[in-house]
Every structure is written in structure tokens, then in C-alpha cells.
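Peer 1: Give me a model of this one.
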Amino acid sequence: MASTLSSLSSVLGQPHCGLRLKKLHSRCRLSLGFLSPLKPQASVGSCFHHRVPLPLKTTFPFGPSSRSFSQKSICLPEGPFLQHFIAQAALTASSEAQPDQLPASKVTLSGRIYHETYGCQMNINDMEIVLSIMKNAGYSEVVDDPESAELIFINTCAIRDNAEQRVWQRLNYFWFLKREWKSNVKIGRSNSLHPPKVVVLGCMAERLKDKILDADKMVDVVCGPDAYRDLPRLLEEVDYGQKGINTLLSLEETYADINPVRISKNSVTAFVSVMRGCNNMCSFCIVPFTRGRERSRPVESIVKEVEELWKEGVKEVTLLGQNVNSYNDACVDEKEVEPGINWRHSEGFSSMCKVKKMGLRFSDLLNRLSSEFPEMRFRYTSPHPKDFPDELLYLMRDRHNICKCIHLPAQTGNSKVLERMRRGYTREAYLDLVQKMRRIIPDAGITSDFICGFCGETEEEHADTLSLIKIVGYDMAYMFAYSMREKTHAHRNYIDDVPEEIKQSS
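Peer 2: Model prediction:
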């Protein structure tokens, strides 16, 4: 395959584009009072065991040269009965069943936070949500230098292997900082009471949780995209010598009640997440497995957040979602949709997932926002081509404060490859949609995404992608070499048979 990423770039006249990139450990602390005179410690949600100290005359030969009990007959003091352990086990099980309901007021944390974010705009917005949760838990100071932090957050991306490799490099550096802290304490350079805690967030945390935790004490907490409310409790686990982990996915979590702490202070632009997750199950994509299924925020919570941003001086809002135009607030005007009925997908497009409940759509949300805030500009990303009904296009045409820019991911220009990718449309359907967009919104700017070297792609199939780029005349495109992801349909059914040098060669 002679034409690859570089050939795609040459057609566009652009350089390569790219994006910037509970299960809980149960505390099994079966403490025998006669083994230790130390006072017991308890975390939130656990109870103290009463320990009766031994008489001073009783000794045990525990030392470097002895690992067995003395042969003397010893009368042990009365300790906790079986019901004490049963009661504590029930309490622990209760706290594990509802970890997100731990009152923030019971968690007394403090310290400085350093954070890095890799990947999409959703990750940037997620970090703002995390900072809000941590602020409510007592962490209010954010620093620009990881060496000055007690907490290091790294929000990760798992879309491609090179994004994960960058994260591993950073984790190695943070591990070095932890080891350096120990040396600094010995020579008096550091007055910190503990080394920095390293917290891995996001899609990579969801995909590689076990591997990350096994990485030689590099990471203290692993937290998936739907478990950020649990971060204060997970950090407590670390204080007790445990690893903090929660990568449970949710069918409901949207963080609608969280007021994000904006990373860019005094900025006139802001991100607002309106939905999370993905139902499309494209064969190459890991997102449904790291972000879960689609769920949308209530319209009213979005309007409230945008109103607060307007009061703060924000002039432009970008609405975010893995498939932002699949937005569906089924809590409002909820009605049943007959199984198998296409709920006004773009003509010629289909979806593997059938919608059971339909409420307010993305066009309804955009109509509400653009009318209530006429002086504020609105963008959105990232959409799916199947969810562009005519009413959305006409709304974009008629509202002066909706940006006339449409991101329309194609991924490839060949219908057979599109079928292997399980995209739900053909080359012809995609071009028909582009023509409709040009007709309704003549001045629309169109951008796209392309994958080079997908499983089984031939030279002729790749040539169809080049011809599609010429026909559409994109304003910009993001282009990536295909990276096989575990758990995906392609990983289970296809062979990554296009050599890497072909994907990347000029």
C-alpha cells in the first residue's frame, strides 16, 4: 500500500493531524490482640475492635531468629467474639455496595494536586469534574510542578497504542519522583509526610487496570471514567496501605450535578458534556468498553451549567459527547419506540443498537440553548454521521449563533472496509449526506477522521479513501494509523495484517 498517512496529508495539503493526547480491595484485618500492643486504626465505614493488652510478664519470642510461638501454656485475654467480625463484615459489604454515597463531609483530605490530560476534549472536561470533586473533599490547591504535589492525576486515552505508550513514559517519571522523595527525606530536602500518590484516570485505567496496578508500585489509585465520585474514598484506601481501584461502568452516571472547576481560568470558551458513552460498537473502537453505553444529561442541568458560564463571561460553548448528536433525554416527554424502527437516522444510515425510549433529541437541546442564550456561540463534537436529521441541519442554518462547522467522521472511503468496520453506512450514503449538508448549509465547513491500514485493507480500497477526500474537499481531517485494541470486534474476528511500515510509510 504505497499511499498511507502521508498520502492522505498530501491530498488535504495539511500536516499530520492528531489529538492531544470496585473492584475494591477488601480490608481483611484479622487482628489478634495478643500479637500487637499498637492501637487499632479505622477508616470511614469500619469499626474499632476493643483489644485487651497482655500482662507485661507475658512475652513471645518473635525476633530475627524465631518464627514460632513459645511452647509455654498461655492464658489469652478475652478478645472480640464472632458476632463482632460478622457485624464488621456486614458493614464493609454495605460500604462496598454503595461506595459513591460516602458523605464528602466525613473525608478530611488536603494537599496539592498536579494533573495531566491526554486524549479528547471529553478527557479535559472529565478532569474539570475530578478537580471539582477533589475540591469538595479538601484538595483545593493545583500546582504546575509534579515535584510540588501530594497528588498526581494523569487522565488517559486508550484509543491508540501510541497514546498509551506516552502515559507509560509519564508513569515511569512519576515513579522516579516517588523514589526521589524517599532520598530527599533522608537528607532533609523534603518535609512532606509521604511520597506523592499517583492516580490513573480515564479510558486506559478502565482497559488496563490490572496491568497498571501490577506495575511495581508505580500507581496508587486506578479510577475509571464513571467512578470519579469515589476518588476520596480510594485515596483513603491508599492511606491504609491498600491499592485504590474502582473501574465499574455505569448506565446512569453523567455527573450532571457536578459544577466543573474550569482549567482555563478567565477563558471565553468552555466545554460542556451533554452525554457519555457509545452504543455504535464499531469493530475498531474500544470506547464502548472503556466509556460504557450511551446516557444523556437532563436538558435542565445543561441549561443551568451554560447559564452559569454566561454569567462568568464565557462567550462560546462546545457541547461534548462520544456521539454528541445521539443525545436523547428520555426523562422528558418519554415515549416508547417500536422495536426495529429507525428513529430518524440520516437517510441510508443504520445502527446496531435499537432505541427503546425516545425523548428530547440533540436538535431540541441545541434549539433550546441557542434561543435562550442568543449572544453565546455554540459548537459540538464529536458527532456520528447517522444522527444528522434534517431538522438539525436547518436549525444550524437558521441560527446565527450555531457555528457552521460539521465534523463528519468517514474513517474510510471504501464500502467494503466500512462494512468490516461496522459503521452502518456505505460510501454512497456518506456522499449523499455531504451533498445534503452543502445544499442546506452552503457555507458549512466539513472536517473528518480517517483510519489508515485497517484489517485487510488493500491498495484499491485505500485509493477509494483518497478519492473521497478529493470529492468532499474537507477543510481539515485527523488521520491515524490503525491500532488494534483488545476486546474489540476486530480483535476477535480480524487479523491486523497491514504492516506498520506500510501504514506509516511515505
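Peer 1: Report the buried residues of stretch 265-277.
Peer 2: 270-277 (16 or more other Cβ atoms under 10 Å). For every residue, glycine as well, the C-beta is placed using N, CA and C.
Peer 1: ok, these vs R377, which is closest?
Peer 2: A270 (11.2 Å; Cβ to Cβ).
Peer 1: Give me the three-state assignment for the closest one.
Peer 2: Following DSSP: H, G, I helix; E, B strand; the rest coil, A270 is assigned to strand.
Peer 1: So the nearest residue to it once chain neighbours are set aside versus N266, what's the distance?
Peer 2: Computed as Cβ to Cβ, 6 or more residues apart in numbering, the closest residue to A270 that is not its neighbour in sequence is V314, at 4.8 Å. Distance, V314 to N266, using Cβ to Cβ, to the nearest Å: 10 Å.
Peer 1: phi, psi of the residue nearest to A270?
Peer 2: phi -70, psi 130 (degrees, to the nearest 10).
Peer 1: need the contact list for it.
Peer 2: 267-270, 376 (Cβ atoms under 8 Å, 6 or more residues apart in numbering).
Peer 1: TSV for those residues, including distance to D161 and pLDDT?
Peer 2: Output for these, formatted as TSV (distance: Cβ to Cβ, whole Å; pLDDT from 0 to 100):
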residue	distance to D161	pLDDT
S267	32	92
V268	36	96
T269	31	97
A270	31	97
M376	39	98
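Peer 1: Now render these as TSV, adding distance to R112.
Peer 2: Shown next, in TSV, are the contacts of V314 (distance: Cβ to Cβ, whole Å):
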residue	distance to R112
S267	23
V268	28
T269	27
A270	25
M376	34
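Peer 1: so which of those residues would you say is closest to E486?
Peer 2: Closest to E486, out of all of these and judged by Cβ to Cβ, is A270, at 34.6 Å.
Peer 1: State the distance from that closest one to G456.
Peer 2: In terms of Cβ to Cβ, A270 sits 42 Å off from G456.
Peer 1: Also S483?
Peer 2: 15 Å.
Peer 1: neighbour count winner among these two?
Peer 2: Neighbour count, other Cβ atoms under 10 Å: between S483 and G456, S483 has more, with 19 against 15.
Peer 1: Let me know the distance separating the closest residue to that one other than its chain neighbours from V222.
Peer 2: Spatial nearest neighbour of S483, excluding adjacent residues (Cβ to Cβ, 6+ apart): R160 at 4.0 Å. Distance, R160 to V222, using Cβ to Cβ: 20 Å.
Peer 1: okay, now the domains of the protein?
Peer 2: The chain breaks down by automatic domain parsing into domains covering 5-21+253-504, 106-246.
Peer 1: I figured P374 was touching I402, is that so?
Peer 2: No - the criterion here is Cβ atoms under 8 Å, and P374 misses it with I402 at 10.8 Å.
Peer 1: neighbour-wise, which of these two wins?
Peer 2: Comparing P374 with I402 by other Cβ under 10 Å, the one with more neighbours is I402, at 20 against 10.
Peer 1: element containing S448?
Peer 2: strand 445-452 (DSSP states H and E).
Peer 1: That strand: what's the following helix or strand?
Peer 2: Following strand 445-452 in sequence, per DSSP H and E, is helix 459-472.
Peer 1: any chance you could map the strands in the stretch 101-250 of the chain?
Peer 2: 112-117, 141-142, 151-156, 197-202, 221-223, 244-246 (DSSP state E, counting those that start in this stretch).
Peer 1: Redo those as JSON lines? Include mean pLDDT.
Peer 2: Converted to JSON lines, these look like this (pLDDT from 0 to 100):
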{"stretch": "strand 112-117", "mean pLDDT": "95"}
{"stretch": "strand 141-142", "mean pLDDT": "92"}
{"stretch": "strand 151-156", "mean pLDDT": "97"}
{"stretch": "strand 197-202", "mean pLDDT": "96"}
{"stretch": "strand 221-223", "mean pLDDT": "96"}
{"stretch": "strand 244-246", "mean pLDDT": "94"}
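Peer 1: same question for the top helix by length along the chain, mean pLDDT?
Peer 2: Assignment by DSSP state H gives helix 161-186 as the longest helix of the chain. Summarised as a single mean, pLDDT over helix 161-186 is 87.
Peer 1: State the phi and psi torsions of V261.
Peer 2: phi -90, psi 110.
Peer 1: how many other residues sit next to it?
Peer 2: For V261, using other Cβ under 10 Å, the count is 18.
Peer 1: Find the residue closest to it in space, skipping its chain neighbours.
Peer 2: Nearest to V261 is L131, by Cβ to Cβ, 6+ apart, at 4.0 Å.
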